[in-house]
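A.B. asks: Sequence and predicted structure are below.
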Amino acid sequence: MPFTIRAPRPSDASQIAELHVATWKEAYAHLLPEDYFSPEYVARRHRMWAHVLTHPRDDMTVRVAEIDGAIVGFAWVGPSEAVQSQAGQAEAAPGEEALGEAPPRERTLYAIYVLAAHYGAGIGQALLDGALGSGPAMLWVAKQNPRAIAFYLRNRFRFDGVEQIDPHAPLITDARMVR
């Protein structure tokens, strides 16, 4: 099915927030506490995306993938030092401040998610290319997500040995990758 990659509009915030929750459920529900996806969690996603899209920044890029008017994926990239303050949620990339070291790259892929029904269609690659390009960057990936790891390895990312566990998701180990 053909898809389009585009910059989101503020009116897309709710749809992206719901997609964010849905893709997290698809990828990680088996690793998260039963009450993880509470109404407050969903409300936080809505507030976060409303803020991100109504307060655009020159140093951040968000792209969405759309099929027949429905958003089926998104990618979010920004400066490494802004990860914690901008994303600030358990499912966002952990901030380097928490690691007590300078980030190894200036740009971070905060998030890239595609609905499972659209895996294998090239949407993830198009989102990565459209939001980040091929330059130096870093990201955090759940070690329990082999599909994502394989995707990042194909895109020249490599583990640098730094890992951490989010206290809200103790069964998920985040590992840093750089290129």
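C.D. replies: Perfect, I can see it now.

A.B. asks: Can you tell me the SS state at the residue minimising distance to the centre of the chain?
C.D. replies: Of all residues in the chain, the one closest to the mean position by C-alpha atoms, centre = their mean is A111, 1.0 Å from it. Following DSSP: H, G, I helix; E, B strand; the rest coil, we place A111 in the strand state.

A.B. asks: How about it: what's its closest non-neighbour residue?
C.D. replies: Spatial nearest neighbour of A111, chain neighbours left out: W76 (4.7 Å); criterion: C-beta to C-beta, 6 or more residues apart in numbering. Where you see a C-beta, it was placed from the backbone N, CA and C, and this is true even at glycine.

A.B. asks: gap between the helix or strand hosting V42 and the chain center?
C.D. replies: Assigned by DSSP states H and E, V42 belongs to helix 39-54. In terms of C-alpha atoms, centre = their mean, to the nearest Å, the centre of helix 39-54 is set 14 Å apart from its chain centre.

A.B. asks: just checking, what packs against the helix or strand following it?
C.D. replies: Counting by DSSP H and E, the next helix or strand C-terminal to helix 39-54 is strand 61-67. Secondary-structure packing of strand 61-67 (3 or more C-beta pairs under 8 Å, 6 or more residues apart in numbering; DSSP states H and E): strand 4-6, strand 70-79, helix 123-131.

A.B. asks: would a markdown table of the ones you listed with distance to R45, mean neighbour count and mean pLDDT be doable?
C.D. replies: Conversion of the helices and strands packed on strand 61-67 to a markdown table gives the following (distance: least, C-beta to C-beta, whole Å; neighbours: other C-beta atoms under 10 Å; pLDDT from 0 to 100):
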| stretch | distance to R45 | mean neighbour count | mean pLDDT |
| --- | --- | --- | --- |
| strand 4-6 | 20 | 14 | 98 |
| strand 70-79 | 12 | 21 | 98 |
| helix 123-131 | 18 | 20 | 98 |
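
A.B. asks: re the thing from before, would you indicate which residues of the helix holding V42 are buried?
C.D. replies: Buried positions in helix 39-54, judged by neighbour count with 16 or more other C-beta atoms under 10 Å: 41, 44-46, 48-49, 52-53.

A.B. asks: Same check on stretch 102-113?
C.D. replies: Using 16+ other C-beta under 10 Å as the test for burial, stretch 102-113 gives 103, 105, 107-113.

A.B. asks: which residues are contacting that stretch?
C.D. replies: Under the criterion C-beta atoms under 8 Å, 6 or more residues apart in numbering, residues 19-20, 23-24, 27, 73-81, 83, 86-87, 91-93, 96, 124, 127-128, 131-132, 135-139, 160, 176, 178-179 lie in contact with stretch 102-113.
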